[in-house]
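Participant: 3D, please:
(one chain, ligands or ions: 1)
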Amino acid sequence: MSRKLAFTKMQGLGNDFVMIDAVRQPIQLTEDQVRYLADRHFGVGCDQLLVVEPAQTPGVDFRYRIFNADGGEVEQCGNGARCFARFVFEQGLTDKREIRVETKKGIIAPRLEADGNVTVDMGVPVLNPADVPFVSDSDAYVQPLDVAGTSVAITAVSMGNPHAVQVVADVDTAPVAEQGPLIEHHPRFPARVNAGFLQVVDEHRVRLRVFERGAGETLACGTGACAAVVAGILRGLVASPVAVETRGGELTIAWNGVGTPVLMTGPAVTVFSGELTLP
Ligand SMILES: N[C@H](CCC[C@H](N)C(=O)O)C(=O)O
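Facilitator: Next up, the predicted model:
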């Protein structure tokens with residue numbers, strides 16, 4: 001039996017989302033339905049689908065679930081967190097400008113700024129390889145990863161979701177298309193991984209491309225920007241705060257070191273709303 005579904009299309013630096021208000025229209029989407037909604041030819045089209053639900057934890061305002069375009073549910077989404085905050089405010093689901101929201105892996109706190117940007121406390125990055133998860137007998141911040149016979153020096157970081165960050169001379173010529181899928185599916189990342197390609201411009205500015213788990217290369221990746229700055233600071237290449245230039249625009253990331261949270265600031269834009277009949 002088909003049903004009507006209201007949705008809103010949003011984007012954060014070109015990383016685009018279909019937002020579903022499952023507070024007012026409770027729904028459980030199948031993987032096939034997620035893939036349909038994310039499909040850029042047969043559906044609405046997005047990198048990720050974000051479903052807003054009532055909170056399940058006391059003292060938290062909402063729960064938000066994140067699904068990649070391939071249908072898989074994941075732990076965290078940085079650009080999505082900013083769009084989520086604007087969505088619940090614009091839809092009248094809250095009158096708060098600072099929101100506590102639970103995701104599959106932890107609670108984050110987005111704040112709507114007066115200048116239109118959104119700042120999110122993305123939580124404390126996880127560096128213990130077993131918790132990323134990254135199969136390794138070392139906890140060194142830089143480790144060699146064999147990628148089709150090429151040894152790539154990566155830093156494994158979890159922002160709730162897993163990231164493998166490498167430093168390149170120039171993101172425009174980095175082997176994103178060739179290495180991205182190989183790193184995403186690398187056996188040493190049992191939950192797969194988002195592959196970051198980081199170019200250092202100066203102490204407070206970098207350029208970044210990310211081949212995302214379950215979505216391919218996106219124009220921007222918020223958790224990827226957080227992971228890249230963490231990796232850059234651990235390697236002594238940059239210092240907080242860092243401007244992160246992505247193909248979709250610029251994020252500001254601040255981090256004061258191991259054991260402290262990462263703060264991410266950037267835009268969140270509503271593109272259009274619509275309704276469709278869900279197959
Ligand atoms: N592809 C990611 C989820 C979306 C993250 C990204 N869109 C962001 O802004 O953080 C993963 O599978 O972990």
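Participant: show me what contacts Thr270?
Facilitator: Thr270 makes contacts with 8-10, 86-87, 90, as judged by CB atoms under 8 Å, 6 or more residues apart in numbering. (C-beta placed from N, C-alpha, C; glycine too.)
Participant: ok, it to the ligand distance?
Facilitator: Remark: distance between Thr270 and the ligand (CB to the nearest ligand atom, to the nearest Å) = 17 Å.
Participant: Going by secondary structure, that residue is in what exactly?
Facilitator: For Thr270, the host element (DSSP states H and E) is strand 269-278.
Participant: do Ala109 as well
Facilitator: Ala109 belongs to strand 106-112 when assigned by DSSP H and E.
Participant: Surely Ser2 and Tyr36 touch.
Facilitator: No: in this structure, Ser2 is not within contact of Tyr36 by CB atoms under 8 Å, at 11.7 Å.
Participant: which of these two has more neighbours?
Facilitator: Neighbour count, other CB atoms under 10 Å: between Ser2 and Tyr36, Tyr36 has more, with 18 against 8.
Participant: surely the more buried one meets Cys46?
Facilitator: No: taking CB under 8 Å as the definition, Tyr36 is not a contact partner of Cys46, at 11.2 Å.
Participant: By neighbour count, which of the contacts of Thr270 wins?
Facilitator: Met10 (26 neighbours).
Participant: Helices along the stretch 101-250 of the chain, start to end?
Facilitator: Using DSSP state H, counting those that start in this stretch, the helices of the stretch 101-250 of the chain run over 176-184, 222-234.
Participant: Tell me where the model's unsure across the stretch 101-250 of the chain.
Facilitator: Scanning the stretch 101-250 of the chain for pLDDT under 70 picks out no residues.
Participant: Can you pull the residues of it lying near the ligand?
Facilitator: 161, 194, 212-215, 218, 221-224 (CB under 6 Å from any ligand atom).
Participant: mind listing what Gly72 touches?
Facilitator: Counting by CB under 8 Å, 6+ apart, Gly72 has contacts 31, 214.
Participant: Could you pull up phi and psi at it?
Facilitator: The phi/psi pair for Gly72 (degrees, to the nearest 10) reads phi -80, psi 140.
Participant: okay, it: pLDDT?
Facilitator: Note on Gly72: pLDDT of 97.
Participant: what's the spacing between the residue nearest to Val142 when sequence neighbours are not counted and Val88?
Facilitator: In this structure, Val142 finds its nearest non-sequential neighbour in Ala153, 5.2 Å apart by CB to CB, 6 or more residues apart in numbering. Distance, Ala153 to Val88, by CB to CB, to the nearest Å: 40 Å.
Participant: Looking at these two, which is more packed in?
Facilitator: Shown here are Ala153 and Val88; by other CB under 10 Å, Val88 has more neighbours (24 against 12).
Participant: The helix or strand hosting the more buried one and the ligand, any residue contact?
Facilitator: For Val88, the host element (DSSP H and E) is helix 78-90. Yes: judged by CB under 6 Å from any ligand atom, helix 78-90 comes into contact with the ligand through 78-80.
Participant: and of those, the nearest to Val101?
Facilitator: The nearest member of the residues of helix 78-90 next to the ligand to Val101, counting by CB to CB, is Gly80 at 10.5 Å.
Participant: Wait, that closest one touches Gln48, no?
Facilitator: Yes: the pair Gly80 and Gln48 passes the contact test of CB under 8 Å, sitting 5.7 Å apart.
Participant: Identify the contacts common to these two.
Facilitator: Common neighbours of Gly80 and Gln48 (CB under 8 Å, 6+ apart) are 15, 17, 66.
Participant: which residues does Val244 contact?
Facilitator: The contact partners of Val244, taken as CB under 8 Å, 6+ apart, are 206-208, 225, 228-229, 250-253.
Participant: so where do the strands sit in the stretch 51-200 of the chain?
Facilitator: For the stretch 51-200 of the chain, the strands defined by DSSP state E, counting those that start in this stretch occupy 62-68, 73-74, 101-103, 106-112, 118-121, 143-147, 150-158, 162-167, 194-202.
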